[in-house]
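this one's structure only:
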């Protein structure tokens, strides 16, 4: 049996790898009422509302939406599995090590996961500060 580079190239081309097609971040649209609020993830500013920001697919994502004069709000982004990519990666992992690299890459990068495409947050004004009551002496 001779080594056939063309066969190896075809096998690699047919192997799944969601990371190559989708990346480690997903573009998610955030809007707020009122608009122009900061969108942060773990203390890192991602952008402002009404815009689309890149959200990491791996790890836990808790978005903080804040604007001066308004109470901040937190949004936990729930992930859902991208089942076709998961099955494609595992089905093409027929040759251990070489073709299983996409499985490891997608698992580590979080490329198997998806978020909803858009989120809307309603911000509420901060309560007005009340002056202390005067006491009569």
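Yep, that arrived. Nothing here was measured: the structure is a model prediction, and the numbers come from that model.

helix or strand, whichever it is, which one in the chain has the lowest mean pLDDT?
In the chain, the helix or strand scored least confidently by mean pLDDT, DSSP states H and E is helix 5-14, which has a mean of 56.

right, and the helix or strand after it?
For helix 5-14, the following helix or strand on the C-terminal side (DSSP states H and E) is helix 18-22.

determine how far the lengthiest strand in the chain lies from the middle of the whole chain.
Secondary structure of the chain read by DSSP state E shows that its longest strand is strand 25-33. What separates the centre of strand 25-33 from the centre of its chain is 10 Å, taken as C-alpha atoms, centre = their mean, to the nearest Å.

mean confidence for it?
In this model, strand 25-33 carries a mean pLDDT of 93.

can you give the contact residues for it?
Residues outside strand 25-33 that contact it (C-beta atoms under 8 Å, 6 or more residues apart in numbering): 39, 47, 49-57, 63, 65, 67, 77, 114-123. Every C-beta, even on glycine, is put in place using the N, C-alpha and C of the backbone.

and the helix or strand just after it, which strands flank it?
For strand 25-33, the succeeding helix or strand toward the C-terminus, using DSSP H and E, is strand 38-41. Using DSSP bridges, the strands paired with strand 38-41 are strand 44-48 (antiparallel), strand 62-66 (antiparallel).

residues of the first one that come out buried?
For strand 44-48, burial by neighbour count (16 or more other C-beta atoms under 10 Å) applies to 46, 48.

show me which residues of the helix or strand following that strand are buried.
Downstream of strand 44-48, the next assigned helix or strand under DSSP H and E is strand 51-56. Neighbour counts over strand 51-56 (16+ other C-beta under 10 Å) mark 53, 55-56 as buried.

same check, this time on stretch 68-80
Within stretch 68-80, judged by 16+ other C-beta under 10 Å, the buried ones are 70, 73, 77, 79.

ok, which pair from the residues you listed is furthest apart?
70 and 79 (27.5 Å; C-beta to C-beta).

look at residue 93 and give its secondary structure.
Here residue 93 is recorded as coil under DSSP: H, G, I helix; E, B strand; the rest coil.

I'd say it and residue 102 touch.
Yes. Counting by C-beta atoms under 8 Å, residue 102 is a contact partner of residue 93 at 7.4 Å.

lovely, talk soon.
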